[in-house]
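>>> Here is a sequence together with a model predicted from it:
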Amino acid sequence: MFRIVTIEREFGCGAASIAKELAGRLGWKLWDHLLTEETARIAQVDPSAVKRCDERMDSRLHRWAKVFWRGSYERSSQLGNQIFDTDRMMAMMQEIMNRIGREGHAVIVGRGAPFFLREHPDAFHVFLYAPRAEKIRRTVADGHSDEEAEEMVDTVDRERMAYVKHYFNADWPTRSLYHMMVNTAVGNDPVIKTILETMNLVSGSPKATDYFSPNAQPATR
């Protein structure tokens with residue numbers, strides 16, 4: 001029986017609201033913004049620092065500077081140890097995901113969850129997407145201007161693609177990783193019902209990850 005649902009998504013497809021309602025129907029904990037807060041708590045940094053690293057690569061300038069730091073005496077200093085970047089977040093995320101996996105009864109949004117939990121026997125993996133016009137419509141409905149919505153829809157997923165390639169050596173999306181991929185243009189309620197019905201239908205069947213390439217492992221940086 002599935003005890004975890006991971007939801008990977010295209011930006012603007014409504015995954016946050018779908019995941020929230022799905023968690024409510026299941027009576028499970030929602031790990032979305034809560035995952036940002038938990039990471040910040042463990043790292044002892046402000047949540048804004050975690051958000052800056054959320055599913056995106058560190059800047060080239062930061063990566064260049066980090067090479068310099070590693071080669072200097074500052075590496076062993078207290079200040080150097082407190083630098084929070086995506087590399088540090090990813091090391092922590094593996095531990096957090098393992099804990100969530102042990103606890104179960106969780107709906108997890110993004111943050112590489114389907115990769116971290118790809119071998120978990122009780123995890124059901126979903127990918128949500130939508131046509132560009134639908135993603136722009138939903139983003140505008142969330143309070144953004146038309147121009148902002150278009151820019152976000154066109155750029156955020158490129159950052160996620162680079163993030164997954166860098167840290168998991170995998171394409172985004174890796175279709176063989178998911179039990180199902182759903183177009184959210186049909187509406188939130190049909191999507192949620194489809195997820196719940198499919199979970200019940202395939203419970204006990206081979207995992208989607210049985211067909212996932214073993215070469216797509218988290219990269220050590």
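Structure received. Numbering: from 1, shown residues only.
>>> Show me the strands in the protein, by range?
4-9, 29-31, 106-109, 123-129, 180-183 (DSSP state E).
>>> So which elements touch the shortest one?
Packing contacts for strand 29-31, counted by 3 or more C-beta pairs under 8 Å, 6 or more residues apart in numbering; DSSP states H and E, involve helix 15-26, strand 106-109. Heads up, the C-betas are built off the backbone N, CA and C, glycines and all.
>>> Tell me the confidence at the residue nearest to the spatial centre of the chain?
Note on the chain: the residue nearest the mean C-alpha position is Gly110, at 1.7 Å, using C-alpha atoms, centre = their mean. If you check Gly110, the pLDDT there is 94.
>>> Then Gln82?
On the pLDDT scale, Gln82 gets 55.
>>> picking up where we left off before, same list, the strands of the chain, but as TSV with mean neighbour count and distance to Glu37 please.
TSV is the format used below for those (neighbours: other C-beta atoms under 10 Å; distance: least, C-beta to C-beta, whole Å):
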stretch	mean neighbour count	distance to Glu37
strand 4-9	26	18
strand 29-31	20	10
strand 106-109	26	13
strand 123-129	24	22
strand 180-183	16	28
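>>> Now distance to Glu197 too, for those strands, in TSV please.
Formatted as TSV, those follow (distance: least, C-beta to C-beta, whole Å):
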stretch	distance to Glu197
strand 4-9	13
strand 29-31	20
strand 106-109	16
strand 123-129	12
strand 180-183	10
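>>> For Lys165, which of those is the nearest?
Nearest to Lys165, of all the strands of the chain, is strand 4-9, at 14.2 Å by C-beta to C-beta.
>>> for the record, mean pLDDT for that closest one?
98.
>>> For Thr36, which residues are in contact?
Pro47, Val50, Lys51, Asp54 (C-beta atoms under 8 Å, 6 or more residues apart in numbering).
>>> I'd like those written out as TSV, with pLDDT and neighbour count added.
Formatted as TSV, these follow (pLDDT from 0 to 100; neighbours: other C-beta atoms under 10 Å):
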residue	pLDDT	neighbour count
Pro47	91	16
Val50	90	22
Lys51	88	14
Asp54	82	17
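>>> Which of those sits closest to Val182?
Asp54 (23.0 Å).
>>> correct me, but Arg25 touches Ile195?
No - counting by C-beta atoms under 8 Å, no contact exists between Arg25 and Ile195, whose distance comes to 9.6 Å.
>>> Can you pick out the residue with more neighbours from those two?
Ile195 (24 against 13; other C-beta atoms under 10 Å).
>>> check contacts around the nearest residue to Met89 once chain neighbours are set aside.
Spatial nearest neighbour of Met89, chain neighbours left out: Cys53 (4.8 Å); criterion: C-beta to C-beta, 6 or more residues apart in numbering. Counting by C-beta under 8 Å, 6+ apart, Cys53 touches Phe84, Asp85, Thr86, Met89.
>>> same question, Arg160
Phe11, Glu55, Arg56, Gly110, Trp172.
>>> Can you tell me how far the closest residue to the first one other than its chain neighbours is from Lys51?
By that I understand Phe11. Using C-beta to C-beta, 6+ apart and skipping residues adjacent in sequence, the residue nearest Phe11 is Val156, 3.9 Å away. Distance, Val156 to Lys51, using C-beta to C-beta, to the nearest Å: 13 Å.
>>> quick revisit: any chance of the contacts of Cys53 in CSV, plus neighbour count and distance to Ala133?
Converted to CSV, those look like this (neighbours: other C-beta atoms under 10 Å; distance: C-beta to C-beta, whole Å):
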residue, neighbour count, distance to Ala133
Phe84, 18, 37
Asp85, 18, 35
Thr86, 23, 31
Met89, 24, 33
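>>> Many thanks, we can stop here.
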